[in-house]
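A.B. asks: Quick one, structure for this:
(chains A and B)
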Amino acid sequence: MNALLQQFIQESREALESIGSTLLTMEREPGNTAPLGELFRLVHTLKGNSGLFDFPALTSVLHAAEDVMDAVRNGELDFNQQLADQLLSTADYVSEFLDEIEQSEQPGDGFRVPPRDLVDGLRAWLVKNNAVAAIEPALETNTEEVAAPAWFTELSDEVRQQVADSLEEGQRLYRVEYRPASDCFFQGTDPLHLVRQLPDILWRRVSPVESWAPVSELDAYQCNMRIEFLLAIQEEDLAEHFRYVSDQVSWEAVTSAVLLVPAPDEDNRQSIIQGSEAVDPLVRDIVSTQQLALAACLAQSWRSGQQAAIVRTLKNVLSAYPVLHEALEHSVAEADRQNSAAPIIAWFQTHWQAGADQALEVTKEGNQHGEAVNVKSTAQLDSDALASAVSLETTRAPIESSASRRQEEAGSHVTPKVLKIEQEKIDRLMNLIGEIVVAKNGLPYLAERAEDQYGQRELAREIKAQYAVVNRIAEDLQDAIMQVRMMPVSFVLQRFPRLVRDIARKLGKKVNLILEGEDTEADKSMIEALADPLVHIVRNSMDHGLELPEERVNAGKSETGTLRIRANQNADHVVIVIEDDGRGIDPQKIKAKVASKGLVEQAALDAMSDQELVNLVFLPGFSTAEQISDLSGRGVGMDVVRSGIEKVGGQLRLTSQIGKGTQLSLTLPLSMAVTQVMVIESGGQRFGIPMDQVMETVRLPKDSIHTIKHQPTAQLRGRTIPLKSLNQMLAVSEEQVLNEDEEYALMVLRSRGELVGLIIDDFHGSIDIILKPMVGILGELSGYSGTAVMGDGSILMILNPTELFE
Amino acid sequence: MSITFKKSVAVLADQVTVEEAETLLEWLVKNPSGKVNLGDLEHLHTANLQVLMALKPSVSVWPKNTDIKLWLEAAFNA
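C.D. replies: All right, here's what the predicted structure looks like:
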């Protein structure tokens, strides 16, 4: 994909995010007009950028949105929820459009024609407001409605009657102009055949684009035709029909307006100048830049690479302005024929000088004012430059001054120190750093060998000194790369205002979403792993937790429910709490549900505390909602949420009070890259256990183990802890080893909020490792979270106690 | 060949293909006063239409097919 397009997609995505959040802010605080200017600017920039590419559908949608925003900004239109809905769906369309071009670089079938309902919907806001509609430029996009164009005067009365009749019947009429590429015959296209396939043509005209060459020079295979016709058709069908030559065809809708207004007698040029008045200042700016550029390369022979680029840019930029575009096409064709750039220079002079002189009057708003003055002065510079275009020296000065001004402008509002890097590259860097960390761990072993095996104490000491240096650098490196990968939690949280708003409206609930601690940072992969579970949790809260307004009032609560998402950092963990003040979880209901589904035995249920009962919602196959709604309860339960969080080393805690609300807290490690593990030994093998699950390590006398209901347990600080033997769980037939005092090595681990004692053979201290998840067949093994390479080159299996205890 | 060249008339019939445009052009250049008979014409490739538009030979018989006739008239009147 070309870099410009890539950047366009990226920037547009960012703009869309800001647009979304600004819209929601405005909806929340109706009196606040401060974000309006910002919103207009965002839409305006988006539209301007889209004009650089051949995306007429995108440009026309954005243009409509821009006009609406402009009206709101000028106080001609009130901002309300319906308008916000409309603008949000526009944003959705743009987002889909971006997805489409990101995938295939070209807008696909569904994206060639502007979505009429969307554009009309937006325009309808302006029509309600006549003052704005009057300012509305008529020649903006190729689907715009035109008033009594020249071609209409050529129609016979009979055809006009037909047009009137068709329009009265509610048919959509289009005037299509098809200008086949000059080499189209060699591409197997038969333009006449193509247009003859279309039904119900009311009027047609076939004319040469340029006057015919003398008979002796005539080339039968150089297409020089323009086919125009008028027909009743659906726009989609039209786009479909011409999909292979879409760049050579343009059309406009014909409305009853053409029948009412008598044909204008002004010459064509007048209407073009009027058209250029309505041209976006940004486009105007681009055009004048191209004018300067063309002046600078006049000396080159016609259609040098640079000149071709200028023509291409002009064509793209003006594709939304049919009249100007047509005039440009004419001049380009003329230039091709004369083999000189003069016709294009003439085109600039006729269509842009006049327009630029009037730029001041046309511009309406304060902040565009500066821009317009700027353009005007540039245009005047150009005219001076062009007057003496023969001499290159004289033109160079204004070009340079305008170029440097441009640079200064750019410098003042771009943050130059931010570098955008693909994640792949960072990941590669991180893997390499991980390898350094592992490799440097080999040095202490080397020092040991130098001393023990070869008796080189001096050398051993030097190696250790070197190791200390390498170690420090490696740690700094690790730290630095972690910083790079850190992202604020707001990356996932920013989607929630929109999500909560949409769900609340769908369910008829009133919800106030409060986000706290959005700038808390965590590793990118953590943040990404968080996204789906969070969405699910929020949906659950909205669907099952928060009550309907009446129900809340009856319960003595305020009508509007509160959903709070709070993020904060706690030592080396990120804690995210999702809290609602809804109806809470009723342990007895859970109990009844679980019993009826037969997921847990009745006797076990009776013995459970309320908290334990609440935790049953995490059971696979559990769903409390009586009715399955389309929001939550699609068979993806809380068990999936929990396993998603646990997969990245996180923990989930659920607490709830009936009538008061529910609180879910997610605890995630800051980063997945480096894990601290405790190395233990059991059955003659070494294993690692993640340090954050280790509560304590104790030596347990053999005789203090008591068996209750076939379960060995021990009393530890007044608590009864169930004991498990690691050898037994891993199906190793050996007994756990006792030390000389007849004591077991016991590790107390926290697993899903419960303490469990794990009997092992021996402890070996803790180390930092780079955890590599197991892949392939091994990846399906439960009980292990991965492997790590030790400094001496051996492999350490890292246990996942939570999976092991299941 | 769907074009038959007679002494002063070229008869275009059925489907006139793109390859024939060159021949038609040559014939019309050689016979500036040559006429075209389009009576049985169903379709002609745009390249041929272009040749007819550029050299404007007189038409001795207009096509019976109304659709192609409409297009040809639109082209000849431009």
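
A.B. asks: Relative to A:Ala124, how far out is the residue nearest the centre of chain A?
C.D. replies: Taking C-alpha atoms, centre = their mean, the centroid of chain A lies closest to A:Arg13, which sits 5.1 Å from it. Distance of A:Arg13 to A:Ala124, computed by C-beta to C-beta, to the nearest Å: 28 Å. (Glycine included, C-beta is placed from N, CA and C.)

A.B. asks: Please apply the same query to A:Ile769.
C.D. replies: 62 Å.

A.B. asks: Who has more neighbours out of those two?
C.D. replies: Using other C-beta atoms under 10 Å in any protein chain shown as the criterion, A:Ile769 and A:Ala124 rank with A:Ile769 on top: 25 against 13.

A.B. asks: what residues are up against the nearest residue to the more buried one once chain neighbours are set aside?
C.D. replies: With sequence-adjacent residues excluded and distances taken as C-beta to C-beta, 6 or more residues apart in numbering or on different chains, A:Ile769 is closest to A:Ala788, at 3.6 Å. A:Ala788 makes contacts with A:675, A:677, A:688, A:769-772, A:795-796, A:798, as judged by C-beta atoms under 8 Å, 6 or more residues apart in numbering or on different chains.

A.B. asks: So what pairs up with A:Ala788 in the strands?
C.D. replies: A:Leu796 (DSSP bridges).

A.B. asks: Now do the SS call for A:Gly584.
C.D. replies: Under DSSP: H, G, I helix; E, B strand; the rest coil, A:Gly584 falls in the coil class.

A.B. asks: ugh, wrong one, I meant A:Leu749
C.D. replies: Reduced to three states by three-state DSSP, A:Leu749 is strand.

A.B. asks: what's A:Ala465 sitting at in phi/psi?
C.D. replies: phi -60, psi -40 (degrees, to the nearest 10).

A.B. asks: and it, what is it in contact with?
C.D. replies: A:Ala465 touches nothing, counting by C-beta under 8 Å, 6+ apart.

A.B. asks: do A:Val748 as well
C.D. replies: A:694-698, A:716, A:721, A:755-758.

A.B. asks: what does A:Gln466 give?
C.D. replies: A:Leu443.

A.B. asks: secondary structure class for it?
C.D. replies: Three-state call for A:Gln466 (three-state DSSP): helix.

A.B. asks: mind checking how far it is from chain B?
C.D. replies: 79 Å (C-beta to the nearest C-beta, to the nearest Å).

A.B. asks: what's the answer for A:Val438, then?
C.D. replies: 69 Å.

A.B. asks: and what of A:Leu723?
C.D. replies: 89 Å.

A.B. asks: is it true that that residue lies in a strand?
C.D. replies: Yes - under three-state DSSP, A:Leu723 falls within a strand.

A.B. asks: circling back: which of the contacts of A:Val748 tops the neighbour count?
C.D. replies: Most surrounded of the contacts of A:Val748: other C-beta under 10 Å gives A:Leu758, at 26 neighbours.

A.B. asks: so what's that one up against?
C.D. replies: Listed by C-beta under 8 Å, 6+ apart, the contact set of A:Leu758 reads A:689, A:723-726, A:746-749, A:801.

A.B. asks: Okay, and the beta partners of it?
C.D. replies: A:Lys724, A:Met747.

A.B. asks: circling back: if you look at the contacts of A:Val748, which of them are in strands?
C.D. replies: Among these, the ones falling in strands (DSSP state E) are A:694-698, A:716, A:721, A:755-758.

A.B. asks: Distance to A:Leu730 and pLDDT added to these, as JSON lines?
C.D. replies: Shown next, in JSON lines, are those (distance: C-beta to C-beta, whole Å; pLDDT from 0 to 100):
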{"residue": "A:Val694", "distance to A:Leu730": "18", "pLDDT": "91"}
{"residue": "A:Met695", "distance to A:Leu730": "21", "pLDDT": "91"}
{"residue": "A:Glu696", "distance to A:Leu730": "22", "pLDDT": "91"}
{"residue": "A:Thr697", "distance to A:Leu730": "19", "pLDDT": "92"}
{"residue": "A:Val698", "distance to A:Leu730": "21", "pLDDT": "92"}
{"residue": "A:Leu716", "distance to A:Leu730": "23", "pLDDT": "88"}
{"residue": "A:Ile721", "distance to A:Leu730": "20", "pLDDT": "92"}
{"residue": "A:Leu755", "distance to A:Leu730": "21", "pLDDT": "90"}
{"residue": "A:Val756", "distance to A:Leu730": "15", "pLDDT": "92"}
{"residue": "A:Gly757", "distance to A:Leu730": "16", "pLDDT": "93"}
{"residue": "A:Leu758", "distance to A:Leu730": "11", "pLDDT": "93"}
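
A.B. asks: do you know how far the nearest residue to A:Thr90 once chain neighbours are set aside is from chain B?
C.D. replies: Once flanking residues are discounted, A:Thr90 sits nearest to A:Ala65: 5.0 Å by C-beta to C-beta, 6+ apart. Using C-beta to the nearest C-beta, we find A:Ala65 at a distance of 40 Å from chain B.

A.B. asks: Output the below-cut-off pLDDT ranges for chain A.
C.D. replies: Applying pLDDT under 70 to chain A picks out residues A:1, A:128-150, A:257-281, A:299, A:352-417, A:623-636, A:671-674.

A.B. asks: if we go to 50?
C.D. replies: For chain A, applying pLDDT under 50 flags the ranges A:130-147, A:261-277, A:354-415, A:626-635.

A.B. asks: Surely A:Asp336 touches A:Arg303?
C.D. replies: Yes - counting by C-beta atoms under 8 Å, A:Arg303 is a contact partner of A:Asp336 at 7.1 Å.

A.B. asks: Mind telling me what element A:Leu432 is part of?
C.D. replies: For A:Leu432, the host element (DSSP states H and E) is helix A:423-440.

A.B. asks: where exactly do the helices run in the stretch 301-450 of chain A?
C.D. replies: Here the stretch 301-450 of chain A has its helices, by DSSP state H, counting those that start in this stretch, at A:305-317, A:322-338, A:342-348, A:354-357, A:359-362, A:366-387, A:392-413, A:423-440, A:442-452.

A.B. asks: so A:Met678 touches A:Ile769, yeah?
C.D. replies: No - with contact defined as C-beta under 8 Å, A:Met678 does not reach A:Ile769; the gap is 10.8 Å.

A.B. asks: which neighbours do these two share?
C.D. replies: A:Gly688.

A.B. asks: Please identify which pair of the contacts of A:Ala788 lies farthest apart.
C.D. replies: Largest separation among the contacts of A:Ala788 by C-beta to C-beta: A:Thr675 and A:Ile795, giving 15.0 Å.
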